[in-house]
Structures are given as C-alpha cells and as structure tokens.
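Novice: below is the sequence, then the predicted model.
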Amino acid sequence: MKRLLTVASLLLLATSAFAFDSTKSPEKSTKRVGVLRSGHDVDSTMTRALVGDLRNRGFDAFDAGLTYDELLDEEAVPIADYVIEIRGGEPRTADYGGVGISGRHADLELGIVSSKVNAELRVYDGDTMEVIATSDLSKRTTALMPTSIGVGGRAIYAYIALPFIERAQHRNVAKKAAREAASFVTATIRGE
C-alpha cells in the first residue's frame with residue numbers, strides 16, 4: 001500500500017511539474033490611452049478608427065468623451081496613462097471636374113474627387129497633462145468616382161447627386177489619418 005501511495009504521489013508531482021511553463025513571462029500591464037474629442041466638429045470616424053487601431057496595437061484605448069478643456073475643468077485627471085488629442089482634422093472634399101457619360105435613357109457623371117485632412121496630434125502624459133509629443137497629420141485621397149446619375153427621355157429628365165460618395169471619401173481619408181496617428185502614438189509611448 002505504501003508503494004502504491006508513493007507511486008501515485010510521484011505521478012501527481014510529475015504531472016504538476018509538467019504543468020509549470022517557465023517560458024511564459026508574467027503579463028505586462030497594458031497602457032491605458034484616452035482619446036479626447038475635439039472642441040469643434042471633427043469627424044467621429046477618425047476618433048473611432050484611432051481607438052480601434054490603438055487597441056489592435058495592444059493598448060487599452062477608449063474614447064474619453066471629453067474635450068481637453070472639459071477634462072481639465074472636471075479635474076478628472078488622470079483618466080489614463082496617456083491622453084491623445086486631435087486638433088483640427090475636419091476632412092475637406094473638392095470635386096475637380098469630370099466627365100459625363102450619356103446613354104439613350106440614362107446618364108452618369110464621373111468626377112475627380114479629392115479629400116484631405118490636416119490636423120495636429122498631441123500626446124499628453126496622463127498624470128500631469130504635459131505635452132509629450134506633437135505631430136502634424138496630413139492625408140489626401142483622390143479618385144475618379146461617380147458623382148451623379150440621371151434618367152429620362154426626350155420630354156423629361158431627372159438627375160440626382162450622390163452625396164454618399166463624398167462621405168465615403170471623408171471616411172477613407174479619416175481612417176488613413178487615424179492609422180498614421182496610431183503609428184505615431186505607438187512609437188511615442190514605446191520610445192521608438
């Protein structure tokens with residue numbers, strides 16, 4: 001009976017020893033990053049994209065829901081290890097002409113649509129709210145896109161603009177700027 005208990009104890013000890021993995025290091029605490037809202041009407045797509053990109057890079061990122069002034073007024077500091085602010089950043093779109101394609105009962109107008117965004121990115125220390133780093137964000141996209149369609153015949157003709165094309169360009173340029181901002185924030189925080 002003693003031998004059976006000894007063998008069972010050795011098996012239990014061996015199983016426990018194999019369960020211990022010395023190659024894993026303890027989890028590093030992730031940096032908490034709050035993204036502030038702008039005092040004016042910045043495209044919310046950029047804020048959401050920046051938060052998403054920072055999360056994909058391993059940060060605990062969140063939309064703070066406050067502007068810089070509101071954060072200081074509420075004395076809610078510190079809300080995070082780092083605080084990010086995008087100043088400016090409203091995408092602007094311009095249509096640089098185009099070409100119309102006509103058929104017997106329908107027309108399509110294609111235009112060269114260019115969207116750009118210029119903004120200033122600021123990275124603050126979450127404890128002191130001192131500026132750690134700044135960067136100018138500038139992105140532009142240009143594409144040949146349908147801008148309007150029309151249908152009709154000889155007597156009557158109807159035409160409609162396609163504003164969702166412009167909004168799609170806004171989202172596209174905002175996401176590109178957010179990716180650039182996430183790269184800058186990551187390099188700043190990790191000291192690269």
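Specialist: That came through fine. Keep in mind it's a predicted model, so treat the numbers as computed, not measured.

Novice: mind checking the longest helix of this protein?
Specialist: helix 163-190 (DSSP state H).

Novice: tell me what that one is packed against?
Specialist: For helix 163-190, the contact count by 3 or more C-beta pairs under 8 Å, 6 or more residues apart in numbering; DSSP states H and E identifies helix 44-56, strand 82-88, strand 92-102, strand 106-125, strand 131-152 as packing neighbours. Every C-beta, even on glycine, is put in place using the N, C-alpha and C of the backbone.

Novice: any weak-confidence spans in the protein?
Specialist: Within the chain, the ranges that satisfy pLDDT under 70 run 1-29, 39-43, 75-77, 192.

Novice: what do you get if the cut-off is 90, keeping everything else the same?
Specialist: 1-31, 34-49, 63-81, 86-120, 125-129, 137-178, 189-192 (pLDDT under 90).

Novice: out of the helices and strands packed on helix 163-190, which is the most enclosed?
Specialist: strand 82-88 (a mean of 21; mean count of other C-beta atoms under 10 Å).

Novice: which residues does that strand contact?
Specialist: 31-36, 38, 42, 46-47, 50, 64, 68, 71, 118-126, 129, 132, 137, 181, 185, 189 (C-beta atoms under 8 Å, 6 or more residues apart in numbering).

Novice: on that earlier part again, next, format the helices and strands packed on helix 163-190 as CSV and append distance to Ala168.
Specialist: Listed next are the helices and strands packed on helix 163-190 as CSV, based on distance: least, C-beta to C-beta, whole Å:
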stretch, distance to Ala168
helix 44-56, 11
strand 82-88, 21
strand 92-102, 10
strand 106-125, 9
strand 131-152, 8
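
Novice: and of these, who's closest to Gln169?
Specialist: strand 106-125 (4.0 Å; C-beta to C-beta).

Novice: output that closest one as CSV, nothing but the C-alphas.
Specialist: C-alpha atoms of strand 106-125 as CSV (Å, rounded to 0.1, in the frame of the first residue of the first chain):
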residue,chain,number,x,y,z
ALA,A,106,-29.6,57.3,-68.5
ASP,A,107,-26.6,59.5,-67.8
LEU,A,108,-23.7,59.0,-65.4
GLU,A,109,-21.3,61.8,-64.3
LEU,A,110,-17.8,60.8,-63.2
GLY,A,111,-15.7,63.3,-61.2
ILE,A,112,-12.3,63.5,-59.8
VAL,A,113,-13.0,63.7,-56.1
SER,A,114,-10.2,64.7,-53.7
SER,A,115,-10.4,64.6,-49.9
LYS,A,116,-7.8,65.8,-47.5
VAL,A,117,-7.4,66.2,-43.8
ASN,A,118,-4.9,68.3,-41.9
ALA,A,119,-4.7,68.1,-38.1
GLU,A,120,-2.4,68.4,-35.2
LEU,A,121,-1.9,65.3,-33.0
ARG,A,122,-0.9,65.8,-29.3
VAL,A,123,0.2,63.1,-26.9
TYR,A,124,-0.1,64.1,-23.2
ASP,A,125,1.2,62.4,-20.1
